[in-house]
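K.L.:
This is a predicted model, with the sequence first.
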Amino acid sequence: MITLEQVIKLLDNKKLIRNKDCKEDTQIEFISYDSRNIKPNSLFFCKGEHYKTEYLEQAISKGAVVYISEEKYDINAQYIVVTDIQKAMAIIAAEFYGYAFRDLETIGITGTKGKTTVTCFIQNILNEYTKSRTAIISTINTYTGTTDELSQMTTPEAVDLQRLFYEAKQNNCKYLTMEVSSQGYKKDRVYGVEFKNGIFLNIGEDHISAREHPNFEDYLHCKIQLVKNSKRVIINKNTDYFNVIYSESKNAQQVITYGTDETADYYYSNVEKTKLGFKFNAISKANNYNQKFEINIPGRFNIENALVAITLAKQLGVDDDSIRLGLLKTVVKGRMNVFEKNGITVIVDYAHNKLSYTKLYESLKLDYPNRRIVSVGGCVGGKAYNRREEFGKIVGGNSDYVYLTAVDPQYEKVEDICRDIALYIDDKSKYEIIPDRKTAVEKAITSAKEGDVVVLVGKGEEEYQKINGISEKYESDLAIAKRMLKI
(Lines give C-alpha, C1' and ligand atoms only; values in the text may rest on other atoms or scores of the structure.)
Protein backbone atom coordinates (compact mmCIF):
# COMPACT_ATOMS: atom_id res chain seq x y z
CA MET A 1 0.00 0.00 0.00
CA ILE A 2 1.18 3.53 -0.78
CA THR A 3 -0.37 7.00 -0.57
CA LEU A 4 -0.84 9.60 -3.28
CA GLU A 5 1.61 11.75 -1.34
CA GLN A 6 4.33 9.17 -2.06
CA VAL A 7 3.25 8.97 -5.69
CA ILE A 8 3.39 12.74 -6.12
CA LYS A 9 6.86 12.95 -4.55
CA LEU A 10 8.16 10.25 -6.90
CA LEU A 11 6.76 11.98 -9.96
CA ASP A 12 7.89 15.41 -8.77
CA ASN A 13 11.46 14.13 -8.36
CA LYS A 14 11.48 13.20 -12.05
CA LYS A 15 9.64 16.41 -13.05
CA LEU A 16 6.86 14.40 -14.67
CA ILE A 17 3.75 16.17 -13.33
CA ARG A 18 1.87 18.60 -15.59
CA ASN A 19 -1.09 19.18 -13.28
CA LYS A 20 -3.17 17.35 -10.71
CA ASP A 21 -6.32 17.37 -8.66
CA CYS A 22 -6.21 14.80 -5.88
CA LYS A 23 -6.02 14.31 -2.12
CA GLU A 24 -2.52 13.34 -1.01
CA ASP A 25 -3.75 11.18 1.88
CA THR A 26 -5.62 8.86 -0.52
CA GLN A 27 -4.58 5.25 0.09
CA ILE A 28 -3.62 3.14 -2.92
CA GLU A 29 -4.05 -0.61 -2.45
CA PHE A 30 -3.64 -1.75 -6.06
CA ILE A 31 -2.25 -0.43 -9.34
CA SER A 32 -3.19 -1.42 -12.88
CA TYR A 33 -3.40 -0.28 -16.50
CA ASP A 34 -6.06 -2.93 -17.27
CA SER A 35 -9.64 -1.88 -16.47
CA ARG A 36 -10.68 -5.53 -16.34
CA ASN A 37 -8.75 -6.32 -13.15
CA ILE A 38 -9.34 -3.24 -11.00
CA LYS A 39 -9.84 -3.65 -7.26
CA PRO A 40 -11.15 -1.19 -4.63
CA ASN A 41 -8.81 1.75 -3.96
CA SER A 42 -6.86 1.27 -7.19
CA LEU A 43 -4.66 3.68 -9.09
CA PHE A 44 -5.41 3.36 -12.80
CA PHE A 45 -2.92 4.17 -15.58
CA CYS A 46 -4.47 5.38 -18.84
CA LYS A 47 -2.15 4.07 -21.55
CA GLY A 48 -2.04 2.10 -24.75
CA GLU A 49 -2.09 2.53 -28.49
CA HIS A 50 -5.81 1.79 -28.63
CA TYR A 51 -6.83 3.40 -25.31
CA LYS A 52 -10.49 4.41 -24.96
CA THR A 53 -12.16 6.65 -22.37
CA GLU A 54 -14.57 3.77 -21.64
CA TYR A 55 -11.66 1.92 -20.02
CA LEU A 56 -11.29 4.71 -17.46
CA GLU A 57 -15.03 4.78 -16.81
CA GLN A 58 -14.98 1.03 -16.25
CA ALA A 59 -11.99 1.30 -13.91
CA ILE A 60 -13.69 3.96 -11.79
CA SER A 61 -16.90 1.94 -11.60
CA LYS A 62 -14.86 -0.99 -10.26
CA GLY A 63 -13.08 0.99 -7.54
CA ALA A 64 -10.27 3.08 -9.04
CA VAL A 65 -9.88 6.21 -6.88
CA VAL A 66 -7.41 8.12 -9.07
CA TYR A 67 -6.09 7.96 -12.60
CA ILE A 68 -2.75 8.94 -14.12
CA SER A 69 -2.56 9.85 -17.80
CA GLU A 70 -0.95 12.18 -20.30
CA GLU A 71 -4.17 14.16 -20.64
CA LYS A 72 -7.15 15.15 -18.49
CA TYR A 73 -10.44 13.42 -19.23
CA ASP A 74 -13.91 14.92 -18.82
CA ILE A 75 -14.81 12.62 -15.97
CA ASN A 76 -15.43 13.19 -12.27
CA ALA A 77 -12.37 11.59 -10.65
CA GLN A 78 -9.06 12.43 -8.99
CA TYR A 79 -6.25 12.68 -11.49
CA ILE A 80 -2.56 13.33 -12.09
CA VAL A 81 -1.55 14.39 -15.61
CA VAL A 82 2.04 13.50 -16.48
CA THR A 83 4.40 14.14 -19.36
CA ASP A 84 5.40 10.47 -19.76
CA ILE A 85 2.97 7.73 -18.73
CA GLN A 86 5.48 4.89 -19.31
CA LYS A 87 8.08 6.35 -16.94
CA ALA A 88 5.37 7.20 -14.42
CA MET A 89 4.21 3.58 -14.46
CA ALA A 90 7.73 2.24 -13.96
CA ILE A 91 8.52 4.60 -11.09
CA ILE A 92 5.27 4.04 -9.22
CA ALA A 93 5.24 0.27 -9.79
CA ALA A 94 8.77 -0.10 -8.36
CA GLU A 95 7.73 1.85 -5.24
CA PHE A 96 4.42 -0.01 -4.87
CA TYR A 97 6.16 -3.41 -4.99
CA GLY A 98 8.97 -2.34 -2.67
CA TYR A 99 11.84 -2.42 -5.20
CA ALA A 100 11.81 -6.22 -4.94
CA PHE A 101 14.33 -6.56 -7.80
CA ARG A 102 17.05 -5.27 -5.46
CA ASP A 103 16.76 -8.44 -3.37
CA LEU A 104 17.03 -10.83 -6.34
CA GLU A 105 20.07 -12.07 -8.26
CA THR A 106 18.67 -10.65 -11.48
CA ILE A 107 20.09 -11.79 -14.81
CA GLY A 108 19.04 -9.69 -17.81
CA ILE A 109 19.75 -10.93 -21.34
CA THR A 110 19.55 -8.86 -24.51
CA GLY A 111 20.49 -9.47 -28.14
CA THR A 112 19.01 -9.70 -31.61
CA LYS A 113 19.24 -13.49 -31.53
CA GLY A 114 19.38 -16.17 -28.84
CA LYS A 115 17.76 -14.49 -25.81
CA THR A 116 15.22 -17.23 -25.20
CA THR A 117 17.68 -20.11 -25.54
CA VAL A 118 20.26 -18.48 -23.26
CA THR A 119 17.56 -17.69 -20.71
CA CYS A 120 16.51 -21.35 -20.69
CA PHE A 121 20.12 -22.59 -20.45
CA ILE A 122 20.74 -20.36 -17.43
CA GLN A 123 17.48 -21.23 -15.71
CA ASN A 124 18.12 -24.97 -16.08
CA ILE A 125 21.65 -24.61 -14.75
CA LEU A 126 20.40 -22.63 -11.74
CA ASN A 127 17.60 -25.14 -11.18
CA GLU A 128 20.19 -27.89 -10.89
CA TYR A 129 22.39 -25.74 -8.66
CA THR A 130 19.62 -24.73 -6.24
CA LYS A 131 17.67 -28.00 -6.49
CA SER A 132 14.58 -25.90 -7.02
CA ARG A 133 12.72 -24.11 -9.80
CA THR A 134 14.16 -20.64 -10.27
CA ALA A 135 12.26 -17.63 -11.61
CA ILE A 136 12.16 -16.83 -15.32
CA ILE A 137 10.59 -14.21 -17.58
CA SER A 138 11.04 -15.25 -21.21
CA THR A 139 9.32 -14.98 -24.56
CA ILE A 140 7.93 -18.48 -23.98
CA ASN A 141 6.99 -18.66 -20.30
CA THR A 142 6.98 -16.84 -16.98
CA TYR A 143 7.47 -18.43 -13.56
CA THR A 144 7.80 -16.76 -10.16
CA GLY A 145 6.41 -19.35 -7.80
CA THR A 146 3.03 -17.61 -7.94
CA THR A 147 2.73 -16.94 -11.67
CA ASP A 148 3.27 -19.93 -13.95
CA GLU A 149 2.03 -19.21 -17.44
CA LEU A 150 2.81 -18.74 -21.12
CA SER A 151 4.16 -15.27 -21.84
CA GLN A 152 2.37 -12.56 -23.83
CA MET A 153 5.44 -10.46 -24.64
CA THR A 154 9.22 -10.65 -24.26
CA THR A 155 9.56 -7.97 -21.57
CA PRO A 156 6.32 -7.29 -19.61
CA GLU A 157 4.87 -3.85 -18.96
CA ALA A 158 6.43 -2.12 -15.94
CA VAL A 159 3.49 -2.80 -13.61
CA ASP A 160 3.51 -6.51 -14.46
CA LEU A 161 7.30 -6.73 -14.31
CA GLN A 162 7.55 -5.20 -10.84
CA ARG A 163 4.76 -7.50 -9.62
CA LEU A 164 6.67 -10.51 -10.96
CA PHE A 165 9.82 -9.35 -9.15
CA TYR A 166 7.77 -9.08 -5.97
CA GLU A 167 6.28 -12.55 -6.39
CA ALA A 168 9.72 -14.09 -6.96
CA LYS A 169 11.01 -12.42 -3.80
CA GLN A 170 7.98 -13.52 -1.75
CA ASN A 171 8.50 -17.10 -2.94
CA ASN A 172 12.20 -17.04 -1.96
CA CYS A 173 13.44 -17.32 -5.54
CA LYS A 174 17.00 -16.08 -5.17
CA TYR A 175 17.62 -16.02 -8.94
CA LEU A 176 15.50 -14.46 -11.69
CA THR A 177 16.54 -14.79 -15.33
CA MET A 178 14.81 -12.66 -17.93
CA GLU A 179 14.90 -11.49 -21.52
CA VAL A 180 15.25 -7.73 -21.93
CA SER A 181 14.09 -6.51 -25.34
CA SER A 182 14.94 -3.24 -27.03
CA GLN A 183 11.27 -2.33 -26.63
CA GLY A 184 11.64 -2.98 -22.90
CA TYR A 185 13.92 0.05 -22.78
CA LYS A 186 12.26 2.02 -25.57
CA LYS A 187 8.95 1.92 -23.70
CA ASP A 188 10.56 2.27 -20.24
CA ARG A 189 9.29 -1.09 -18.99
CA VAL A 190 12.58 -1.63 -17.15
CA TYR A 191 13.15 2.05 -16.32
CA GLY A 192 14.91 2.35 -12.97
CA VAL A 193 15.84 -1.34 -12.74
CA GLU A 194 19.49 -2.11 -12.00
CA PHE A 195 20.39 -5.68 -12.90
CA LYS A 196 22.95 -7.64 -10.92
CA ASN A 197 24.02 -9.31 -14.18
CA GLY A 198 23.57 -8.04 -17.75
CA ILE A 199 24.37 -10.19 -20.79
CA PHE A 200 24.79 -8.73 -24.29
CA LEU A 201 24.62 -11.50 -26.90
CA ASN A 202 24.77 -9.79 -30.30
CA ILE A 203 23.35 -6.98 -32.42
CA GLY A 204 22.01 -6.95 -35.95
CA GLU A 205 19.64 -4.60 -37.75
CA ASP A 206 16.09 -5.44 -36.70
CA HIS A 207 12.84 -3.88 -35.47
CA ILE A 208 13.35 -0.83 -37.68
CA SER A 209 9.97 0.76 -38.41
CA ALA A 210 7.79 3.69 -37.46
CA ARG A 211 6.20 1.59 -34.71
CA GLU A 212 9.45 0.26 -33.22
CA HIS A 213 12.81 1.98 -33.79
CA PRO A 214 13.16 4.75 -36.39
CA ASN A 215 16.70 3.65 -37.24
CA PHE A 216 19.48 1.26 -36.24
CA GLU A 217 21.13 3.87 -33.99
CA ASP A 218 18.00 4.01 -31.85
CA TYR A 219 17.81 0.20 -31.72
CA LEU A 220 21.45 -0.08 -30.63
CA HIS A 221 20.99 2.73 -28.10
CA CYS A 222 18.10 0.87 -26.47
CA LYS A 223 19.98 -2.45 -26.42
CA ILE A 224 23.01 -0.81 -24.81
CA GLN A 225 20.93 0.41 -21.87
CA LEU A 226 21.21 -3.04 -20.30
CA VAL A 227 25.00 -2.88 -19.95
CA LYS A 228 24.70 0.68 -18.62
CA ASN A 229 22.32 -0.53 -15.93
CA SER A 230 24.01 -3.75 -14.78
CA LYS A 231 26.58 -4.32 -12.02
CA ARG A 232 28.26 -7.24 -13.81
CA VAL A 233 28.33 -7.27 -17.60
CA ILE A 234 29.07 -10.17 -19.97
CA ILE A 235 29.57 -9.31 -23.66
CA ASN A 236 30.03 -11.41 -26.78
CA LYS A 237 33.52 -10.51 -28.05
CA ASN A 238 32.40 -11.40 -31.60
CA THR A 239 29.37 -9.16 -31.75
CA ASP A 240 29.20 -6.23 -34.15
CA TYR A 241 29.79 -2.89 -32.39
CA PHE A 242 31.72 -4.63 -29.61
CA ASN A 243 33.91 -1.59 -28.90
CA VAL A 244 30.87 0.67 -28.57
CA ILE A 245 29.09 -1.75 -26.26
CA TYR A 246 32.22 -2.35 -24.19
CA SER A 247 32.85 1.38 -23.74
CA GLU A 248 29.29 1.87 -22.50
CA SER A 249 29.94 -0.73 -19.78
CA LYS A 250 32.50 1.46 -18.01
CA ASN A 251 30.35 1.94 -14.92
CA ALA A 252 29.91 -1.79 -14.31
CA GLN A 253 31.81 -3.35 -11.42
CA GLN A 254 32.95 -6.22 -13.65
CA VAL A 255 33.05 -6.74 -17.43
CA ILE A 256 33.69 -10.21 -18.87
CA THR A 257 33.85 -11.31 -22.51
CA TYR A 258 33.08 -14.62 -24.18
CA GLY A 259 33.64 -15.69 -27.76
CA THR A 260 35.05 -18.05 -30.34
CA ASP A 261 38.77 -17.63 -29.66
CA GLU A 262 41.28 -16.94 -26.90
CA THR A 263 41.04 -13.15 -27.22
CA ALA A 264 37.89 -13.53 -25.08
CA ASP A 265 37.93 -14.22 -21.32
CA TYR A 266 35.93 -17.40 -21.98
CA TYR A 267 35.98 -19.21 -25.33
CA TYR A 268 35.22 -22.65 -26.76
CA SER A 269 37.21 -25.19 -28.77
CA ASN A 270 37.30 -28.90 -29.75
CA VAL A 271 33.76 -28.95 -31.13
CA GLU A 272 32.37 -32.43 -31.83
CA LYS A 273 29.02 -33.11 -33.52
CA THR A 274 26.82 -35.57 -31.63
CA LYS A 275 23.54 -37.16 -32.67
CA LEU A 276 21.46 -34.45 -30.94
CA GLY A 277 23.88 -31.55 -30.56
CA PHE A 278 27.54 -30.88 -29.78
CA LYS A 279 30.36 -31.48 -27.34
CA PHE A 280 32.92 -28.73 -26.75
CA ASN A 281 35.45 -27.40 -24.27
CA ALA A 282 34.83 -24.16 -22.39
CA ILE A 283 38.13 -22.46 -21.60
CA SER A 284 39.30 -19.48 -19.55
CA LYS A 285 43.08 -19.11 -19.51
CA ALA A 286 42.99 -16.40 -16.84
CA ASN A 287 41.13 -18.74 -14.49
CA ASN A 288 43.00 -21.88 -15.56
CA TYR A 289 39.63 -23.34 -16.54
CA ASN A 290 39.07 -26.03 -19.17
CA GLN A 291 36.02 -28.26 -18.99
CA LYS A 292 34.13 -30.38 -21.52
CA PHE A 293 30.37 -29.84 -21.89
CA GLU A 294 27.60 -31.15 -24.10
CA ILE A 295 24.33 -29.74 -25.38
CA ASN A 296 21.41 -31.60 -26.90
CA ILE A 297 20.33 -28.80 -29.22
CA PRO A 298 21.30 -28.65 -32.93
CA GLY A 299 22.65 -25.48 -34.50
CA ARG A 300 26.29 -24.54 -34.03
CA PHE A 301 25.28 -21.07 -32.89
CA ASN A 302 23.90 -22.75 -29.76
CA ILE A 303 27.47 -23.50 -28.64
CA GLU A 304 27.91 -19.75 -28.13
CA ASN A 305 24.58 -19.62 -26.31
CA ALA A 306 25.73 -22.40 -24.00
CA LEU A 307 29.13 -20.74 -23.48
CA VAL A 308 27.65 -17.50 -22.19
CA ALA A 309 25.48 -19.49 -19.78
CA ILE A 310 28.63 -21.26 -18.55
CA THR A 311 30.45 -17.92 -18.23
CA LEU A 312 27.66 -16.45 -16.11
CA ALA A 313 27.35 -19.59 -14.01
CA LYS A 314 31.04 -19.55 -13.10
CA GLN A 315 30.71 -15.94 -11.89
CA LEU A 316 27.85 -17.08 -9.64
CA GLY A 317 29.93 -19.91 -8.18
CA VAL A 318 27.97 -22.73 -9.81
CA ASP A 319 29.72 -26.13 -9.86
CA ASP A 320 30.50 -27.84 -13.17
CA ASP A 321 28.21 -30.82 -12.53
CA SER A 322 25.19 -28.51 -12.17
CA ILE A 323 26.22 -26.75 -15.37
CA ARG A 324 26.53 -30.05 -17.25
CA LEU A 325 23.13 -31.30 -16.11
CA GLY A 326 21.44 -27.98 -16.83
CA LEU A 327 22.86 -27.79 -20.36
CA LEU A 328 21.91 -31.38 -21.16
CA LYS A 329 18.33 -30.85 -19.98
CA THR A 330 17.77 -27.76 -22.11
CA VAL A 331 15.55 -28.21 -25.14
CA VAL A 332 13.64 -25.06 -26.06
CA LYS A 333 10.21 -25.41 -27.68
CA GLY A 334 10.21 -23.92 -31.14
CA ARG A 335 13.96 -23.31 -31.20
CA MET A 336 15.94 -25.76 -33.36
CA ASN A 337 13.52 -28.64 -32.72
CA VAL A 338 14.52 -31.43 -35.12
CA PHE A 339 12.32 -34.36 -36.18
CA GLU A 340 13.41 -37.17 -38.49
CA LYS A 341 11.28 -39.84 -40.08
CA ASN A 342 11.48 -41.90 -43.29
CA GLY A 343 14.61 -40.06 -44.37
CA ILE A 344 12.97 -36.63 -44.05
CA THR A 345 14.23 -34.05 -41.55
CA VAL A 346 11.90 -31.33 -40.29
CA ILE A 347 13.33 -28.42 -38.31
CA VAL A 348 11.15 -25.94 -36.39
CA ASP A 349 12.89 -22.68 -35.51
CA TYR A 350 11.86 -19.19 -34.48
CA ALA A 351 14.39 -17.46 -36.78
CA HIS A 352 12.82 -14.19 -37.87
CA ASN A 353 15.54 -11.63 -38.65
CA LYS A 354 18.79 -11.25 -40.60
CA LEU A 355 21.10 -12.45 -37.83
CA SER A 356 19.02 -15.50 -36.97
CA TYR A 357 18.49 -16.41 -40.65
CA THR A 358 22.23 -16.15 -41.29
CA LYS A 359 23.22 -18.28 -38.30
CA LEU A 360 20.52 -20.86 -39.02
CA TYR A 361 21.44 -21.45 -42.66
CA GLU A 362 25.18 -21.41 -41.96
CA SER A 363 24.55 -24.21 -39.49
CA LEU A 364 22.29 -26.13 -41.88
CA LYS A 365 24.95 -26.06 -44.62
CA LEU A 366 27.53 -27.49 -42.20
CA ASP A 367 25.31 -30.07 -40.50
CA TYR A 368 23.29 -31.19 -43.55
CA PRO A 369 25.79 -30.96 -46.44
CA ASN A 370 24.49 -31.72 -49.94
CA ARG A 371 20.90 -32.03 -48.68
CA ARG A 372 17.98 -30.35 -50.42
CA ILE A 373 16.64 -27.56 -48.20
CA VAL A 374 12.96 -26.59 -48.33
CA SER A 375 11.91 -23.57 -46.27
CA VAL A 376 8.51 -22.36 -45.09
CA GLY A 377 8.00 -18.85 -43.72
CA GLY A 378 7.30 -15.19 -44.25
CA CYS A 379 7.42 -11.84 -42.47
CA VAL A 380 5.27 -9.92 -40.02
CA GLY A 381 2.92 -7.22 -41.19
CA GLY A 382 3.13 -3.54 -40.37
CA LYS A 383 6.67 -3.40 -38.99
CA ALA A 384 10.32 -4.41 -39.49
CA TYR A 385 9.97 -4.06 -43.27
CA ASN A 386 13.68 -4.73 -43.78
CA ARG A 387 13.04 -8.35 -42.84
CA ARG A 388 11.36 -8.91 -46.21
CA GLU A 389 14.53 -8.28 -48.12
CA GLU A 390 16.52 -10.29 -45.55
CA PHE A 391 14.16 -13.26 -45.87
CA GLY A 392 14.25 -13.18 -49.66
CA LYS A 393 18.03 -12.93 -49.91
CA ILE A 394 19.08 -15.20 -47.03
CA VAL A 395 16.31 -17.79 -46.73
CA GLY A 396 15.56 -17.72 -50.44
CA GLY A 397 19.24 -17.73 -51.36
CA ASN A 398 20.03 -20.71 -49.16
CA SER A 399 16.97 -22.84 -49.99
CA ASP A 400 16.25 -25.09 -52.91
CA TYR A 401 12.56 -24.27 -52.62
CA VAL A 402 10.53 -21.83 -50.51
CA TYR A 403 6.88 -21.73 -49.50
CA LEU A 404 6.04 -18.09 -48.69
CA THR A 405 3.23 -17.82 -46.17
CA ALA A 406 1.76 -16.01 -43.16
CA VAL A 407 3.66 -14.81 -40.09
CA ASP A 408 1.44 -12.48 -38.02
CA PRO A 409 0.25 -10.39 -40.99
CA GLN A 410 -1.85 -8.05 -38.82
CA TYR A 411 -3.53 -5.45 -41.05
CA GLU A 412 -1.68 -6.36 -44.26
CA LYS A 413 -2.65 -8.98 -46.81
CA VAL A 414 -0.45 -12.07 -46.61
CA GLU A 415 -0.15 -12.13 -50.40
CA ASP A 416 1.20 -8.56 -50.44
CA ILE A 417 3.87 -9.37 -47.83
CA CYS A 418 4.87 -12.51 -49.72
CA ARG A 419 5.13 -10.63 -53.01
CA ASP A 420 7.42 -8.10 -51.31
CA ILE A 421 9.66 -10.96 -50.16
CA ALA A 422 9.61 -12.56 -53.62
CA LEU A 423 11.15 -9.43 -55.13
CA TYR A 424 14.41 -10.50 -53.46
CA ILE A 425 14.38 -14.15 -54.57
CA ASP A 426 16.40 -14.31 -57.79
CA ASP A 427 15.09 -17.59 -59.12
CA LYS A 428 11.33 -17.14 -59.58
CA SER A 429 10.83 -20.87 -60.20
CA LYS A 430 11.89 -21.88 -56.68
CA TYR A 431 9.06 -20.45 -54.62
CA GLU A 432 5.29 -20.40 -54.35
CA ILE A 433 2.92 -18.33 -52.24
CA ILE A 434 0.46 -20.18 -49.98
CA PRO A 435 -1.27 -17.61 -47.71
CA ASP A 436 -2.59 -20.14 -45.19
CA ARG A 437 0.36 -21.23 -43.08
CA LYS A 438 -1.09 -24.57 -42.00
CA THR A 439 -1.61 -25.52 -45.67
CA ALA A 440 1.92 -24.37 -46.52
CA VAL A 441 3.53 -26.42 -43.74
CA GLU A 442 1.50 -29.50 -44.59
CA LYS A 443 2.35 -29.26 -48.31
CA ALA A 444 6.07 -28.80 -47.59
CA ILE A 445 6.16 -31.94 -45.46
CA THR A 446 3.95 -34.13 -47.68
CA SER A 447 5.89 -33.07 -50.79
CA ALA A 448 9.30 -33.72 -49.21
CA LYS A 449 11.44 -36.50 -50.63
CA GLU A 450 13.89 -38.72 -48.82
CA GLY A 451 16.93 -36.67 -47.84
CA ASP A 452 15.09 -33.35 -47.80
CA VAL A 453 15.45 -30.93 -44.90
CA VAL A 454 12.22 -28.99 -44.34
CA VAL A 455 12.79 -25.81 -42.30
CA LEU A 456 9.81 -24.06 -40.70
CA VAL A 457 10.91 -20.57 -39.68
CA GLY A 458 9.36 -17.64 -37.86
CA LYS A 459 6.66 -19.08 -35.58
CA GLY A 460 8.23 -21.88 -33.55
CA GLU A 461 5.87 -23.08 -30.84
CA GLU A 462 3.42 -20.17 -31.14
CA GLU A 463 -0.23 -21.20 -31.24
CA TYR A 464 -1.65 -18.03 -32.76
CA GLN A 465 -1.45 -15.71 -35.74
CA LYS A 466 -1.81 -11.97 -35.15
CA ILE A 467 -4.44 -10.81 -37.65
CA ASN A 468 -6.19 -7.42 -37.58
CA GLY A 469 -5.25 -6.83 -33.96
CA ILE A 470 -6.52 -10.22 -32.80
CA SER A 471 -4.53 -13.34 -31.86
CA GLU A 472 -6.25 -16.04 -33.91
CA LYS A 473 -5.77 -19.69 -33.04
CA TYR A 474 -3.07 -21.53 -35.02
CA GLU A 475 -2.06 -25.15 -34.53
CA SER A 476 1.67 -24.18 -34.34
CA ASP A 477 4.49 -25.34 -36.59
CA LEU A 478 5.65 -27.65 -33.83
CA ALA A 479 2.28 -29.42 -33.54
CA ILE A 480 1.78 -29.68 -37.29
CA ALA A 481 5.26 -31.21 -37.78
CA LYS A 482 4.61 -33.82 -35.08
CA ARG A 483 1.17 -34.61 -36.47
CA MET A 484 2.33 -34.92 -40.07
CA LEU A 485 5.29 -37.12 -39.14
CA LYS A 486 3.15 -39.07 -36.64
CA ILE A 487 5.67 -38.52 -33.86
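P.N.:
Yep, that arrived.

K.L.:
quick one, phi psi at Glu442?
P.N.:
phi -60, psi -40 (degrees, to the nearest 10).

K.L.:
Neighbours of it, how many?
P.N.:
As a burial measure, Glu442 scores 18 neighbours (other Cβ atoms under 10 Å). Heads up, the C-betas are built off the backbone N, CA and C, glycines and all.

K.L.:
Please apply the same query to Ile75.
P.N.:
Ile75 - counted by other Cβ under 10 Å - has 11 other residues nearby.

K.L.:
now swap in Glu49 and tell me
P.N.:
Glu49, neighbours per other Cβ under 10 Å, totals 6.

K.L.:
Wasn't Asn454 part of a helix?
P.N.:
Wrong residue type there; residue 454 is Val, not Asn. No - Val454: not assigned to a helix; according to DSSP: H, G, I helix; E, B strand; the rest coil it is strand.

K.L.:
ok now do it, which residues does it touch?
P.N.:
Residues counted as contacts of Val454 (Cβ atoms under 8 Å, 6 or more residues apart in numbering) are 344-347, 374-376, 444-445, 448.

K.L.:
again with Asn281
P.N.:
For Asn281, counting by Cβ under 8 Å, 6+ apart, the contacting residues are 268-270, 290-293.

K.L.:
Domain parsing of the protein, as residue ranges.
P.N.:
2-96, 100-329, 337-485 (automatic domain parsing).

K.L.:
end-to-end on the first one?
P.N.:
Taking Cα to Cα, to the nearest Å as the measure, domain 2-96 stretches 6 Å from start to finish.

K.L.:
next one: that domain to chain centre, how far?
P.N.:
For domain 2-96, the distance from its own C-alpha centre to the chain's C-alpha centre is 28 Å (Cα atoms, centre = their mean, to the nearest Å).

K.L.:
Within the helices and strands, which one has Gln291?
P.N.:
For Gln291, the element it lies in under DSSP states H and E is strand 289-295.

K.L.:
Show the average pLDDT along the helix or strand just after that strand.
P.N.:
Downstream of strand 289-295, the next assigned helix or strand under DSSP H and E is helix 301-315. Average pLDDT, helix 301-315: 97.

K.L.:
helices or strands next to the very next helix or strand once past helix 301-315 in the packing?
P.N.:
Next helix or strand after helix 301-315 toward the C-terminus (DSSP H and E): helix 320-329. If you count contacts as 3 or more Cβ pairs under 8 Å, 6 or more residues apart in numbering; DSSP states H and E, helix 320-329 packs onto helix 115-130, strand 289-295, helix 301-315.

K.L.:
Now the first one: average pLDDT?
P.N.:
The average of the pLDDT scores along helix 115-130 is 96.

K.L.:
quick one: strands adjacent to whichever helix or strand comes after it?
P.N.:
Downstream of helix 115-130, the next assigned helix or strand under DSSP H and E is strand 135-137. Here strand 135-137 is paired, per DSSP bridges, with strand 141-143 (antiparallel), strand 175-179 (parallel).

K.L.:
Name the nearest residue to the most centrally placed residue in the chain, ignoring sequence neighbours.
P.N.:
Nearest residue to the geometric centre of the chain (Cα atoms, centre = their mean): Thr154, 4.0 Å. Sequence neighbours aside, Ser181 is the residue nearest to Thr154 in space, at 4.2 Å (criterion: Cβ to Cβ, 6 or more residues apart in numbering).

K.L.:
what's that neighbour sitting at in phi/psi?
P.N.:
Per degrees, to the nearest 10, the backbone of Ser181 is at phi -80, psi 160.

K.L.:
Contacts only, for it.
P.N.:
110, 115, 154-155 are the contacts of Ser181 under Cβ under 8 Å, 6+ apart.

K.L.:
gap between it and Glu272?
P.N.:
34 Å (Cβ to Cβ, to the nearest Å).

K.L.:
Lys47 now?
P.N.:
51 Å.

K.L.:
So these two - more neighbours on which side?
P.N.:
Lys47 (19 against 11).

K.L.:
Hmm, Asp84 and that one touching each other?
P.N.:
No - under the criterion of Cβ atoms under 8 Å, Lys47 lies out of contact with Asp84, with a separation of 10.4 Å.

K.L.:
quick revisit: partners of the strand holding Gln291 in the sheet?
P.N.:
strand 278-284 (antiparallel).

K.L.:
what mean pLDDT does the partner strand have?
P.N.:
On average, strand 278-284 scores 97.

K.L.:
which stretches of the protein aren't confidently modelled?
P.N.:
Within the chain, the ranges that satisfy pLDDT under 70 run 206, 209-210.

K.L.:
Make a ChimeraX selection of the buried ones in the contacts of Asn281.
P.N.:
Here is the ChimeraX command that picks out the buried ones among those, judged by 16 or more other Cβ atoms under 10 Å:
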select :268,293
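
K.L.:
possible to save the contacts of Asn281 as TSV with distance to Ile136?
P.N.:
Shown next, in TSV, are the contacts of Asn281 (distance: Cβ to Cβ, whole Å):
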residue	distance to Ile136
Tyr268	25
Ser269	30
Asn270	31
Asn290	30
Gln291	25
Lys292	27
Phe293	21
